[in-house]
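[1] need coordinates for the below:
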Amino acid sequence: MTTPTPHSATSGKPNLSVVNNFVRTEKPTHKPTEPEQAKPHTLDLLKHLPDGDFKRYVGDVARMCNIYPSTSLLVALGIVSSVACRSVAVAYQDGSLLPVGEYIICGGIPGDAKSRMLKAFQRPIFEAQKEADKAWKQRKEAHEDSGTEGKFDEPRPPRIFITDSTVEALESVLAESGGYFALASAEQAVVNTLTGAAYGGKDKKNNGDLPLKGFNAEYHAGARAAKERTTYTGIVVGAITCFAQPAAIETILAKSEGSGMAERFMLAREPTQQGTRDHTRQYYPHEYSQNVYNRIVKDIAAQALTLAQDFDDLPAYRINKEDWYKIQLFRNEMEPHLIEGGKYSTATMCGIVSKVDMHIMKIATLLAILDEKPVGEVGREYVEASINIMRDMLEYILSLLIDLEVIGFNAFENSIIAYLGKQQNATRKLIRTNKCEGKPWSEIPRSSLTNKINETVDELIRKGVVVEEETFYPNGWSQGKYLRLIA
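    The predicted structure follows:
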């Protein structure tokens with residue numbers, strides 16, 4: 001990666017000729033510059049990383065598991081953030097702290113090596129957990145054998161990973177860890193329990209207060225009806241990594257219910273490589289890169305287990321003034337697309353874009369940690385890499401949401417076609433009344449709903465899929481105009 005020359009110390013302003021090498025600098029306008037539809041976007045996130053052992057190991061694990069490298073990178077960052085968020089933070093310009101815990105959901109079909117990939121990145125953390133538990137037991141036994149008066153009151157090392165837990169059960173985990181939690185699983189159950197889908201019933205609300213607040217270290221006060229349940233009050237910090245069936249992505253999008261939970265996640269559903277694999281050709285990571293990764297992550301985990309600190313007391317990385325300017329230019333690049341009708345103007349995409357600076361801060365810090373940079377200034381190369389990663393992720397998530405028919409013109413058409421298929425016929429008013437609360441209609445401003453329904457119906461009529469006919473009572477009075485499918 002090319003490293004720009006620092007701006008002059010005497011100028012006091014960033015050198016725009018340097019910044020322009022990698023950040024587009026157009027100013028926000030008040031007119032959307034592209035149609036709502038987006039071209040399919042293929043991820044290639046690894047190309048943005050500085051060369052090094054972490055980049056090589058991520059690529060090696062991807063090749064070993066026959067999974068694309070971008071998914072491998074996202075899973076790795078999510079797993080590393082699970083322990084890094086307990087050891088360090090990253091500071092905003094005003095000095096306030098942001099946790100480095102990331103929220104990741106990747107989709108893979110049954111038969112993809114999802115568990116194998118998770119375990120490859122989790123292994124050093126499991127080793128650190130095992131060693132910490134063993135040392136604790138030895139100290140406990142030594143205390144009991146010594147005949148020393150008093151009970152051995154040293155708390156057991158907190159659990160790092162929870163694989164399947166209700167949000168309520170997380171309260172006890174927070175109580176023992178001092179407000180930290182990490183969820184990691186190759187099963188969709190993690191997403192189901194976070195969103196309330198596991199509780200059953202379409203009217204069940206999600207109970208996602210903890211994961212919502214854990215993304216950016218907000219205050220939580222637990223209060224449960226059952227007296228025997230442990231509750232937690234304080235700052236919550238979390239990390240979530242789910243690499244499960246593709247339905248996990250659809251669940252988080254459907255069950256978020258405007259809470260902002262889905263918008264906190266980086267989502268990926270790359271194609272499977274099943275059907276093209278050669279099982280006679282096995283590949284394993286290079287030993288040196290693997291050992292470097294395992295050593296770095298194990299040390300972070302050991303520190304998190306033995307030197308538990310309150311979030312506000314964590315040492316913090318910081319981003320220099322010039323690199324903050326690059327982040328702000330990138331946000332300016334996104335701004336015109338948030339105007340109504342722009343490609344990022346839907347509710348979900350708007351929420352994701354609003355958190356792009358947080359993801360940049362988190363990813364840049366994680367890359368610095370994995371390159372063994374001490375706490376201090378996050379290097380320019382990591383900020384640049386993170387900006388470019390997020391630029392690609394925004395385009396990719398947009399195309400993914402369209403593919404899932406969460407947003408996009410086809411999503412609106414298909415929603416009306418499905419409704420008319422069940423109802424046989426309906427007026428435009430009935431469609432508006434019955435579809436306004438569900439996706440994709442909830443993605444657009446309510447003030448635009450009627451116009452969008454009319455536009456979509458008119459287009460279906462033009463395509464010859466739907467016909468609108470006036471119907472009459474036997475006495476000749478009009479019942480109104482009804483829509484029905486004809487194709």
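
[2] from here on, contacts and neighbour counts on C-alpha atoms
    Will do.

[3] any idea which helix or strand carries H143?
    Using DSSP states H and E, H143 maps to helix 114-146.

[4] actually S415, not the one I typed
    helix 409-423.

[5] packing partners for the helix or strand just after that helix?
    Later in the chain than helix 409-423, the nearest helix or strand by DSSP H and E is helix 428-435. Helices and strands touching helix 428-435, by 3 or more C-alpha pairs under 8 Å, 6 or more residues apart in numbering; DSSP states H and E, are helix 449-462.

[6] for the next helix or strand after the helix it packs on, buried residues please.
    Where DSSP H and E defines the elements, the next helix or strand beyond helix 449-462 is strand 466-472. For strand 466-472, the neighbour count (16 or more other C-alpha atoms under 10 Å) marks V466, V467, E468 as buried.

[7] just stretch 446-454 next, same as before
    The neighbour-count check on stretch 446-454 (16+ other C-alpha under 10 Å) flags L449, T450, K452, I453 as buried.

[8] can I get those in JSON lines with pLDDT and distance to E405?
    Listed next are the buried residues of stretch 446-454 as JSON lines, based on pLDDT from 0 to 100; distance: C-alpha to C-alpha, whole Å:
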{"residue": "L449", "pLDDT": "85", "distance to E405": "17"}
{"residue": "T450", "pLDDT": "87", "distance to E405": "19"}
{"residue": "K452", "pLDDT": "87", "distance to E405": "16"}
{"residue": "I453", "pLDDT": "87", "distance to E405": "16"}
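
[9] with only the CA atoms kept, save stretch 406-420 in PDB.
    Output of stretch 406-420 as PDB, limited to C-alpha atoms (Å, rounded to 0.1, in the frame of the first residue of the first chain):
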ATOM      1  CA  VAL A 406     -35.200  -6.100   1.600                       C
ATOM      2  CA  ILE A 407     -34.800  -3.000  -0.500                       C
ATOM      3  CA  GLY A 408     -34.800  -2.300  -4.200                       C
ATOM      4  CA  PHE A 409     -37.400  -1.900  -7.000                       C
ATOM      5  CA  ASN A 410     -37.900  -5.700  -7.400                       C
ATOM      6  CA  ALA A 411     -38.600  -6.000  -3.700                       C
ATOM      7  CA  PHE A 412     -41.500  -3.600  -3.900                       C
ATOM      8  CA  GLU A 413     -42.900  -5.300  -7.000                       C
ATOM      9  CA  ASN A 414     -42.600  -8.800  -5.500                       C
ATOM     10  CA  SER A 415     -44.200  -7.600  -2.300                       C
ATOM     11  CA  ILE A 416     -47.400  -6.500  -4.100                       C
ATOM     12  CA  ILE A 417     -47.400  -9.600  -6.400                       C
ATOM     13  CA  ALA A 418     -47.200 -11.800  -3.300                       C
ATOM     14  CA  TYR A 419     -50.000  -9.900  -1.600                       C
ATOM     15  CA  LEU A 420     -52.300 -10.000  -4.600                       C
END
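
[10] okay, now the domains of the protein?
    Domain assignment for the chain by automatic domain parsing gives 34-403, 409-485.

[11] which one of those is the most hemmed in?
    domain 34-403 (a mean of 19; mean count of other C-alpha atoms under 10 Å).

[12] let's have the buried residues of strand 466-472 in a markdown table, adding pLDDT.
    Converted to a markdown table, those look like this (pLDDT from 0 to 100):
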| residue | pLDDT |
| --- | --- |
| V466 | 82 |
| V467 | 84 |
| E468 | 88 |
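
[13] so which residues of the chain form strands?
    With DSSP state E as the criterion, the chain has strands at 89-91, 97-99, 103-107, 180-185, 218-221, 233-244, 266-268, 316-317, 466-472, 478-485.

[14] dump these to JSON lines, plus distance to N332.
    Output for the strands of the chain, formatted as JSON lines (distance: least, C-alpha to C-alpha, whole Å):
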{"stretch": "strand 89-91", "distance to N332": "21"}
{"stretch": "strand 97-99", "distance to N332": "22"}
{"stretch": "strand 103-107", "distance to N332": "24"}
{"stretch": "strand 180-185", "distance to N332": "33"}
{"stretch": "strand 218-221", "distance to N332": "27"}
{"stretch": "strand 233-244", "distance to N332": "28"}
{"stretch": "strand 266-268", "distance to N332": "21"}
{"stretch": "strand 316-317", "distance to N332": "24"}
{"stretch": "strand 466-472", "distance to N332": "41"}
{"stretch": "strand 478-485", "distance to N332": "43"}
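
[15] for these, which one sits closest to L46?
    L46 lies closest to strand 266-268 among the strands of the chain, at 14.1 Å (C-alpha to C-alpha).

[16] bridged to the closest residue to A268 other than its chain neighbours, which residues?
    Leaving aside its chain neighbours, A268 sits nearest to C106 (4.7 Å; criterion: C-alpha to C-alpha, 6 or more residues apart in numbering). For C106, the residues forming beta bridges with it (DSSP bridges) are F243, A268.

[17] next one, pLDDT for C106 please.
    Per-residue confidence for C106 comes out at a pLDDT of 96.

[18] ditto for I363
    I363 is assigned a predicted lDDT (pLDDT) of 98.

[19] tell me the contacts of it?
    Counting by C-alpha atoms under 8 Å, 6 or more residues apart in numbering, I363 touches L77, V100, Y382, S386.
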